[in-house]
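Enquirer: Just to be clear, the model below is a prediction. Sequence and coordinates:
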2 protein chains.
Amino acid sequence: MSGAQRARLAVAGSDRKLGLLQREIGDRAESEKLDLGHLDQHLGYFVRRLQVMIFRDFIRTLAPMTLRPAQYSVLLLIEANPGSSQAAIGRALGIERARLARLLHDLQGRGWIERRAVNGDARSHALFLRAEGSRALARSKKLAVRHEQQLAKFLGAKRWQSLMELMRSFG
Amino acid sequence: MSGAQRARLAVAGSDRKLGLLQREIGDRAESEKLDLGHLDQHLGYFVRRLQVMIFRDFIRTLAPMTLRPAQYSVLLLIEANPGSSQAAIGRALGIERARLARLLHDLQGRGWIERRAVNGDARSHALFLRAEGSRALARSKKLAVRHEQQLAKFLGAKRWQSLMELMRSFG
DNA sequence: TATTGTTATACTCTATAACTATA
DNA sequence: TATAGTTATAGAGTATAACAATA
C-alpha cells in the first residue's frame, strides 16, 4: 500500500463505516506484508478481493432491510421490468432458476412480490412488486446509495469512476 | 452490448474456450435484454459478474490439476514466502484461519506441502512446498497463464491492462 | 423435444463459536 | 490475555439432476 493510500485511509478512518471498510482490505503492518508472487499477474485475484470487500459493505449497510445483493438485484429488475418471467430475470442476472425459485419464495413470503398467471403460457409466472415491496425497495435504495458513496469514497472518486466506465463499456 | 463487442465475440467464438467464456456472459438475443434499472449504478454488480466469469474460466482451465483459485493462491504465496505461518498466509489472502486449515490439510494430503515446527514459537507451523508440490505448481502456472491470456483476449487487451493498473494502484 | 418452475443433493466459501496449546 | 491452529456448525451461493406441467 502506498503512502498516499495510507493517508487517505487514515482520513477515511474517521468515518465508522469507512473504518470497517479499511479493516476489510487487510491493513497490516508493512513489515508483515507477504510477496504476492505470480498472483499479481492475475486480474481475478484483485477482482475477487474487491468483490468480497464490496459485498461485505453492502450486506452491512443493507442490514436494516435484511437484504442481500442477489435479493436486491432481483427486486430492482422486477421494478424495472414488471411482468417478467422467472426465466428472464434469472438469465439477465446470471442466477440459476433453481436458486431463483427459492429466492423468490422468500421475497413472496415477505409480501414484497407476487406471481401472476400469464396469458398464453401456463408455465410462466409474471413477477410484480407489491405495494409493500415498492416501499421496502425505496428504503433499500437509500441504503444502497449510501453504500455506493462509501465505496466511491474508499476507492477514491476517480478510481471508482474509471472502474464504472470500464465495467459498463464491457457490459 | 455494443456492435463492436458482438463482432469481437463472434471472432473469439472460433476458439473453444472463448466460446465458453462468451456463453458465460449471457449472450442472449437483443430483444430479450432486460433493463438493469438502478443496478447499473452499482459497481458491485459488475465486479461480481466479472469475478464469477473469471473464476469459472479459471476452474475450467485448471481442471487438469483439480485446483481451485483459493488453493492456487495459497500455493503461490507459500512459494513466494517459504516458511510463512498459516496465520500470515491467511491474513495476506483474506482467508479465514478455519478454512485455511482445511485447505492446507487437503494440499498436505496430496503431498504438495509440508508443515515444519518453528524454533521459538511452538504454536506456529512453517509452510513449505515439497518437490512434488513445486512440480504441480509449475504445471498449474502454465494453465493459469493460458487462463489469463483467454481472459485478456475476451476483455480486450486494452481493457484488461486498464483494469490491472487500476486494481494494482489500489492494492 | 424443449421450456418453466420446483425440489433435492453436493460442494465451495463465509462467518462464528468453542476448544487446545502455547505465548 | 492474546495468538496459532483445529474442529464444528450454519448460511449463502453454485452446479446438477430429476420431476411435473406445458409448449
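Expert: Structure received.
Enquirer: Surely A:Arg115 is within a helix?
Expert: No: membership of A:Arg115 in a helix is not supported by DSSP: H, G, I helix; E, B strand; the rest coil, which gives strand.
Enquirer: Which parts of chain A are strands?
Expert: A:113-117, A:125-129 (DSSP state E).
Enquirer: centroid residue for chain A?
Expert: The C-alpha lying nearest the average C-alpha coordinate of chain A belongs to A:Pro69 (CA atoms, centre = their mean; 4.3 Å).
Enquirer: Quick check: it touching A:Val52?
Expert: No: if you go by CB atoms under 8 Å, A:Pro69 and A:Val52 don't touch, sitting 11.5 Å apart. Every residue, glycine included, has its C-beta placed from N, CA and C.
Enquirer: Make CSV out of the strands of chain A and add mean neighbour count, distance to A:Lys153 and mean pLDDT.
Expert: CSV is the format used below for the strands of chain A (neighbours: other CB atoms under 10 Å in any protein chain shown; distance: least, CB to CB, whole Å; pLDDT from 0 to 100):
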stretch, mean neighbour count, distance to A:Lys153, mean pLDDT
strand A:113-117, 14, 33, 95
strand A:125-129, 19, 31, 97
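Enquirer: Now tabulate those in JSON lines and tack on distance to chain B.
Expert: As requested, these are exported to JSON lines (distance: least, CB to the nearest CB, whole Å):
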{"stretch": "strand A:113-117", "distance to chain B": "15"}
{"stretch": "strand A:125-129", "distance to chain B": "11"}
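Enquirer: quick one: is the longest helix that chain A contains near DNA strand D?
Expert: Using DSSP state H to define each element, chain A has its longest helix at helix A:131-155. No: Helix A:131-155 stays clear of DNA strand D (CB under 7 Å from any atom of the strand), getting no nearer than 14.4 Å.
Enquirer: List phi and psi for the nearest residue to A:Gly133 once chain neighbours are set aside.
Expert: Leaving aside its sequence neighbours, A:Gly133 sits nearest to A:Trp112 (CB to CB, 6 or more residues apart in numbering or on different chains; 3.2 Å). Dihedral pair for A:Trp112: phi -90, psi -30, per degrees, to the nearest 10.
Enquirer: Run through the residues that contact A:Trp112.
Expert: A:Leu75, A:Leu129, A:Arg130, A:Glu132, A:Gly133, A:Ala136, A:Leu137 (CB atoms under 8 Å, 6 or more residues apart in numbering or on different chains).
Enquirer: does A:Ser124 really touch A:Val118, like I thought?
Expert: Yes: contact criterion CB under 8 Å: A:Ser124 and A:Val118 qualify, at 4.4 Å.
Enquirer: Overlap of the contact sets of those two?
Expert: Common neighbours of A:Ser124 and A:Val118 (criterion: CB under 8 Å, 6+ apart): A:Ser85.
Enquirer: neighbour-wise, which of those two wins?
Expert: Neighbour tally, A:Ser124 and A:Val118, criterion other CB atoms under 10 Å in any protein chain shown: the higher count belongs to A:Ser124, 18 against 13.
Enquirer: any chance you could map the helices in chain A?
Expert: Going by DSSP H, chain A shows helices at A:3-12, A:16-24, A:43-61, A:69-80, A:86-93, A:97-109, A:131-155, A:157-170.
Enquirer: what about the third one and DNA strand C, touching?
Expert: Pointing back at helix A:43-61 there. Yes: using CB under 7 Å from any atom of the strand, a contact is recorded between helix A:43-61 and DNA strand C, made by A:Val52, A:Arg56.
Enquirer: helices or strands up against that helix?
Expert: On a contact count with 3 or more CB pairs under 8 Å, 6 or more residues apart in numbering or on different chains; DSSP states H and E, helix A:43-61 meets helix A:16-24, helix A:69-80, helix A:131-155, helix B:43-61, helix B:69-80, helix B:131-155, helix B:157-170.
Enquirer: let's see it at 6 Å
Expert: Applying 3 or more CB pairs under 6 Å, 6 or more residues apart in numbering or on different chains; DSSP states H and E, one finds that helix A:43-61 makes contact with helix A:16-24, helix A:131-155, helix B:43-61, helix B:157-170.
Enquirer: if you average pLDDT over that helix, what comes out?
Expert: Averaged across helix A:43-61, pLDDT comes to 98.
Enquirer: got the angle for that helix vs helix B:69-80?
Expert: Angle of helix A:43-61 versus helix B:69-80, following axes from the mean of the first three to the mean of the last three CA atoms, to 10 degrees, is 120 degrees.
Enquirer: now swap in the shortest one and tell me
Expert: Relative orientation of helix A:86-93 versus helix B:69-80 (the same axes, to 10 degrees): 20 degrees.
Enquirer: The last one too?
Expert: Interaxial angle, helix A:157-170 versus helix B:69-80 (the same axes, to 10 degrees): 130 degrees.
Enquirer: cool, and the fourth one?
Expert: With the same axes, to 10 degrees defining the directions, helix A:69-80 sits at 130 degrees from helix B:69-80.
Enquirer: Helix A:69-80 vs DNA strand D: in contact?
Expert: Yes: using CB under 7 Å from any atom of the strand, helix A:69-80 comes into contact with DNA strand D via A:Pro69, A:Ala70, A:Gln71.
Enquirer: Identify, from those residues, the entry nearest to DNA strand D.
Expert: DNA strand D lies nearest to A:Ala70 out of the residues of helix A:69-80 next to DNA strand D, by CB to the nearest atom of the strand, at 4.3 Å.
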